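*Asks:* Sequence and predicted structure below; questions after.
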Amino acid sequence: MRTFHFSEGAFHHLPEEHEYESIRVSLPNRYYDPKIGADLYHRYLDEWLIADDLGLDIMVNEHHQTPTCVDPAAPLLLSILARQTKKARLLILGNPIANRNQPVRVAEEMAMIDVISRGRLECGFVRSVPYEVPAANSNPNRMNERMYEALDLIKAAWTHHDGPFSFEGRFFHHRCVNIWPRPFQQPHPPIWISSSSPGGARQVGAAGYVIATFHTGFDGTRTVFQNYRQGWAQAGRKGEVTDDRLAYSALVYVGDTDEEGRAGAQKLLWYLSHNKLPVHFKNPPGYNSLDANIKALRTGKVGTREAGFVPNLDDEIATGTVFCGNPDTVYKQIKTFYDHVGGFGHLLSMGQAGFLEHDETVKSLKLIAKELDPRLRELKVTRQAAE
Amino acid sequence: MSEAAAADRSVIAGSRLQLGDVELELHRGGRGPTLLFLHGGGGFDPAAPFVARLAENFDVVAPLHPGFGASSLPFWMESVDDFVHVQLELLKRLGLRDVTLVGASLGGWVAADLATKNTSRIRKVVLVSPVGIKVGPRDKLDIPDIFATSAEELLKLTSAEPEKRKPDYNKMSDEAVRIIARNRETMALVAWEPYMHNPKLRHRLRLIDRPTLILRGSHDRLVGQDYIDAYTKLIPGARCEIIENAGHSPQSEQPDEFCRRVAHFANS
């Protein structure tokens, strides 16, 4: 298993929650102090560089109109890291291509990063969370179809090397595609897609891309991976699904002691508790299933976590959304999780969030690299738990 | 008139009609000249009081737009323009003539667009709180953003008496709630961007060559009077009437007055 250091790059100096209606989409940017923001960008980049020095991999992501992730253009951060890092695999998870109307431009950006990094790009694509839709002004209907069509065009742009080709799809049209540069990795960088639904997971499995699931816990993750395997098999793909096709993201903090690990993780919980959103941003029509909408209309609620939700660390550890403690404790937590879900090859470790300071973040990173990562790399699938 | 005949007149029969690759939910009933009713984003309820009232004076034909109610939605469809072509085909298929075309809200957009394209089967046009044009400044939405508004707030924008009109989804069947959810999906599909309008429509409204009445509820805070005045000016010879104590759906909040206005206009 490989470990990717991931931070959403939050601007965490926020007003009290009761002072705003929504943390995403509509929170005025007067609350953003660019001087503090500049320091934060430099700090988060430093942490990724340290992760690289320590032999860990790197993940960046993208959200819009929100202080929870001030990275509305992930390729920009990634392009800095492509130049400044030496060894790390560089995962972007991902490009919100259902919300971007020029897939060919995305293919160009990713090819550039792959070349600058000399072939270290892990190229992720996402359908996007619902509250990205208002920010992108993007239609919440048919997003999955747009994402897959855009991906087809991007793959074609990466792999055509004999001059222009044309693409006339349902959503995207381009009559003269001939990108420069082409990717460093051949035929193209590894493709990842995030999905947490059974149908979505089967679709990713059928395509054979790497699937990543976030904070889905023990049983949710097992279901996602089982559906991935089903999709893989039903599409007639050869052999077993290997660990390197499967990724899981959790909040991770490693300390010298369990107490220190828990204290760090407690700070990471900021990420879970700061997600106040009105229903109309969580549930744009067409994004969620009709069944989910029937429930939403009847209960007035969407999702399980409401505004004002105060996460409890023990509960989050028990559900598998947080791994924390001393290195041995964290290894055992991850091993238990790994066995339960049937194995996975990529830990997307959210190692920084909220008020977790730089020194604290780096301390955990060093322990992860020195004490945890070598043992995780040896993890091999023991599949009987999942089958 | 016998009781049976009276009952017969109030019956609006539902059916399905295949038009190309769309299966359309269609309701029809009543006696008199033909009235094609095009519903708004909330869909169409054949049991609504205004429908029976209209059927006393008209042969009411009420199709559900693709993606609304039980009407299918082919993957290639995504716009009001697609809906317009379905309705044009419907007029032809049913052989309807001298039709009073009535469209409400989103249906008003469909009706207005249709009337810019082909009025050969249309006699008169009634637009009820229609959307579909952009006339205000570019830094302000002409129609408040229904997709960024809570359900409670939306009810206040659209209803003269919001408390009376609060739906109780727990008392409805799963199927009824499913249709409401699906209607919302399709509304977003066609009205998301550009929001609630086709930039070209305002330039085409001058092509409407049939007498046109525009109705607006006095308490409609979704479609404002300035917007309706602009709409009225853009259609040659059109006039606007206000229905008091009604919001965005005067046909629902003041069904008697609504039907009286429509019948008066159609017969004048």
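*Replies:* Looks like it came in fine.

*Asks:* from here on, contacts and neighbour counts on C-alpha atoms
*Replies:* Noted.

*Asks:* For the closest residue to chain A within the stretch 151-268 of chain B, which three-state class applies?
*Replies:* At 4.5 Å from chain A, residue B:185 is the closest residue in the stretch 151-268 of chain B, using Cα to the nearest Cα. Three-state secondary structure (criterion: DSSP: H, G, I helix; E, B strand; the rest coil) places residue B:185 in helix.

*Asks:* now swap in residue A:252 and tell me
*Replies:* Assignment for residue A:252 (three-state DSSP): strand.

*Asks:* tally of neighbours for the residue of the stretch 151-268 of chain B closest to chain A?
*Replies:* By other Cα atoms under 10 Å in any protein chain shown, 24 other residues sit near residue B:185.

*Asks:* I figured it hits residue A:139, correct?
*Replies:* No. Residue B:185 is beyond contact range of residue A:139, at 10.0 Å (criterion: Cα atoms under 8 Å).

*Asks:* so where's the chain uncertain?
*Replies:* Let's take chain A. Residues of chain A that meet the criterion pLDDT under 70 lie in A:304-307, A:381-387.

*Asks:* Oops, wrong one, chain B.
*Replies:* B:1-11.

*Asks:* Point to the residue nearest the middle of it.
*Replies:* residue B:104 (2.6 Å; Cα atoms, centre = their mean).

*Asks:* Look up the residues forming beta bridges with it.
*Replies:* For residue B:104, the beta-bridge partners are residue B:128 (DSSP bridges).

*Asks:* and what of residue A:323?
*Replies:* Counting by DSSP bridges, residue A:323 is bridged to residue A:252.

*Asks:* Give me every residue in the stretch 1-150 of chain B lying close to chain A.
*Replies:* By the rule Cα under 8 Å from any Cα of the partner chain, the part of the stretch 1-150 of chain B lying against chain A is B:76, B:147-150.

*Asks:* Helices of the stretch 101-250 of chain A, start to end?
*Replies:* Remark: helices assigned in the stretch 101-250 of chain A by DSSP state H, counting those that start in this stretch are A:103-116, A:132-136, A:143-159, A:198-207, A:217-234.

*Asks:* Could you export the ones you listed as JSON lines, including mean neighbour count and distance to residue B:115?
*Replies:* Putting these into JSON lines (neighbours: other Cα atoms under 10 Å in any protein chain shown; distance: least, Cα to Cα, whole Å) gives the following:
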{"stretch": "helix A:103-116", "mean neighbour count": "22", "distance to residue B:115": "37"}
{"stretch": "helix A:132-136", "mean neighbour count": "20", "distance to residue B:115": "32"}
{"stretch": "helix A:143-159", "mean neighbour count": "21", "distance to residue B:115": "32"}
{"stretch": "helix A:198-207", "mean neighbour count": "21", "distance to residue B:115": "42"}
{"stretch": "helix A:217-234", "mean neighbour count": "22", "distance to residue B:115": "49"}
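
*Asks:* Which one, of the ones you listed, ends up nearest to chain B?
*Replies:* Per Cα to the nearest Cα, nearest to chain B of the helices of the stretch 101-250 of chain A: helix A:132-136, 8.0 Å.

*Asks:* Determine the number of other residues adjacent to residue 168.
*Replies:* By default, I'm working from chain A. Residues lying near residue A:168 (other Cα under 10 Å) number 10.

*Asks:* wrong one, chain B
*Replies:* By other Cα under 10 Å, the residues close to residue B:168 number 10.

*Asks:* and the stretch 101-250 of chain A, which of its residues are near chain B?
*Replies:* Residues of the stretch 101-250 of chain A lying near chain B by Cα under 8 Å from any Cα: A:137-141, A:170.

*Asks:* now residue A:285, nearest residue through space, not along the chain?
*Replies:* Nearest non-adjacent residue to residue A:285, counting by Cα to Cα, 6 or more residues apart in numbering or on different chains: residue B:185, 4.5 Å away.

*Asks:* do you know how far that neighbour is from residue B:22?
*Replies:* Counting by Cα to Cα, to the nearest Å, the gap from residue B:185 to residue B:22 is 17 Å.

*Asks:* Helix, strand or coil: sort out residue A:4 for me.
*Replies:* Quick answer, by three-state DSSP: residue A:4 is strand.

*Asks:* can you pull the contacts of it?
*Replies:* Counting by Cα atoms under 8 Å, 6 or more residues apart in numbering or on different chains, residue A:4 touches A:56-59, A:91, A:346-349.

*Asks:* Residue A:103 contacts residue A:151, correct?
*Replies:* Yes. The pair residue A:103 / residue A:151 is scored as a contact, 7.4 Å apart, by Cα under 8 Å.

*Asks:* Identify the contacts common to the two.
*Replies:* By Cα under 8 Å, 6+ apart, residue A:103 and residue A:151 have these common neighbours: residue A:97.

*Asks:* Give the other helices and strands that the lengthiest helix in chain A contacts.
*Replies:* If you go by DSSP state H, chain A has its longest helix at helix A:34-53. Helix A:34-53 sits against strand A:2-7, strand A:57-60, helix A:74-84, helix A:358-367, with contacts defined as 3 or more Cα pairs under 8 Å, 6 or more residues apart in numbering or on different chains; DSSP states H and E.

*Asks:* of all those, which lies closest to residue B:71?
*Replies:* Nearest to residue B:71 among the helices and strands packed on helix A:34-53 is helix A:74-84 (41.0 Å), distances taken as Cα to Cα.

*Asks:* Give me the buried stretch members for the longest helix of chain A, please.
*Replies:* By 16 or more other Cα atoms under 10 Å in any protein chain shown, the buried positions in helix A:34-53 come out as A:37, A:40-41, A:44-53.

*Asks:* ok, and what's touching it?
*Replies:* Contacts of helix A:34-53 (Cα under 8 Å, 6+ apart): A:5, A:7, A:9, A:11, A:57-58, A:77, A:81, A:84-88, A:358, A:361-362, A:365.

*Asks:* Kindly recompute the last result at 7 Å.
*Replies:* With Cα atoms under 7 Å, 6 or more residues apart in numbering or on different chains as the test, helix A:34-53 has contacts from A:5, A:9, A:11, A:57-58, A:85-88, A:362, A:365.

*Asks:* Which of those residues sits closest to residue A:257?
*Replies:* residue A:365 (14.4 Å).

*Asks:* Can you report how many residues lie near that closest one?
*Replies:* Neighbour count for residue A:365, taken as other Cα under 10 Å: 28.

*Asks:* likewise residue A:30?
*Replies:* For residue A:30, the count of nearby residues is 7 (other Cα under 10 Å).

*Asks:* Is residue A:261 in contact with residue A:253, as I believe?
*Replies:* Yes. Judged on Cα atoms under 7 Å, residue A:261 makes contact with residue A:253 at a distance of 5.5 Å.

*Asks:* any bit of stretch B:167-175 sitting next to chain A?
*Replies:* Yes. Counting by Cα under 7 Å from any Cα of the partner chain, chain A has neighbours in stretch B:167-175: B:169-170.

*Asks:* and the end-to-end length of that stretch?
*Replies:* With Cα to Cα as the measure, stretch B:167-175 spans 15 Å from end to end.

*Asks:* cool, stretch A:86-97 as well?
*Replies:* When the termini of stretch A:86-97 are compared using Cα to Cα, they are 28 Å apart.

*Asks:* For the stretch 101-250 of chain B, just list every one of the strands.
*Replies:* For the stretch 101-250 of chain B, the strands defined by DSSP state E, counting those that start in this stretch occupy B:122-128, B:212-217, B:239-243.

*Asks:* between the second one and strand B:122-128, how many degrees?
*Replies:* Right, the one you point to is strand B:212-217. Relative orientation of strand B:212-217 versus strand B:122-128 (axes from the mean of the first three to the mean of the last three Cα atoms, to 10 degrees): 20 degrees.

*Asks:* between strand B:212-217 and strand B:239-243, how many degrees?
*Replies:* Going by the same axes, to 10 degrees, strand B:212-217 makes 30 degrees with strand B:239-243.

*Asks:* So which elements touch strand B:212-217?
*Replies:* strand B:122-128, strand B:239-243 (3 or more Cα pairs under 7 Å, 6 or more residues apart in numbering or on different chains; DSSP states H and E).
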